[in-house]
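Enquirer: Structure, please.
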Amino acid sequence: MVKVANFTRHYPRQAEIRYWRERGYCLDPTPRAPSLDESWGEIEIAEILSEEMEKIKAQGFKAILVGGLTNVMAYAWYIAQGMGLEVLYARGRKGENGYIITAHSAMLKPSLLAA
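Expert: Numbering: from 1, shown residues only. Have a look, this model is predicted:
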């Protein structure tokens, strides 16, 4: 099982944890995305995210799950990939029994985007 850090701001539901487990990923439910001040610049945010990724890697995680389509998650994707962590993203919808993941993907490595 690939050990995955939850780099979002919320705790996943049991169905989400089960979804990942069935696909070979062990998702730690602890939210690890830090709170950031909107007045901070990109350099400050990147430094904080780098520190968080170092902690995640040191704790034996091999991947992160990002949530939200914000510049912070884009920075996290870029930094994590540079440290050798796989970056996962899930899409879903609200169902009768809560949130249901409908698909997931591993994010491309930044080097694959170079022309």
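
Enquirer: Against which helices or strands is the longest helix along the chain packed?
Expert: Counting residues, the longest helix found in the chain (DSSP state H) is helix 42-58. If you count contacts as 3 or more C-beta pairs under 8 Å, 6 or more residues apart in numbering; DSSP states H and E, helix 42-58 packs onto strand 2-7, helix 71-82. In this view, the C-beta of every residue, glycine as well, is placed from N, C-alpha and C.

Enquirer: How many residues are close by the nearest residue to residue 36 once chain neighbours are set aside?
Expert: Leaving aside its sequence neighbours, residue 36 sits nearest to residue 45 (C-beta to C-beta, 6 or more residues apart in numbering; 5.8 Å). Counted by other C-beta atoms under 10 Å, the residues lying close to residue 45 total 17.

Enquirer: mind checking pLDDT for residue 45?
Expert: Listed pLDDT for residue 45 reads 87.

Enquirer: so of the helices and strands packed on helix 42-58, which one's packed in deepest?
Expert: Mean neighbour count (mean count of other C-beta atoms under 10 Å) peaks for strand 2-7 among the helices and strands packed on helix 42-58, with a mean of 21.

Enquirer: distance between that strand and the chain's centre?
Expert: Remark: strand 2-7 is offset 7 Å from the chain centroid, using C-alpha atoms, centre = their mean, to the nearest Å.

Enquirer: Give me the average confidence score over it.
Expert: pLDDT averaged over strand 2-7 gives 96.

Enquirer: correct me, but the residue nearest to residue 36 touches residue 75?
Expert: Yes: if you go by C-beta atoms under 8 Å, residue 45 and residue 75 touch, sitting 6.2 Å apart.

Enquirer: returning to what we had before: could I get the helices and strands packed on helix 42-58 as TSV with distance to residue 63?
Expert: As requested, the helices and strands packed on helix 42-58 are exported to TSV (distance: least, C-beta to C-beta, whole Å):
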stretch	distance to residue 63
strand 2-7	5
helix 71-82	8
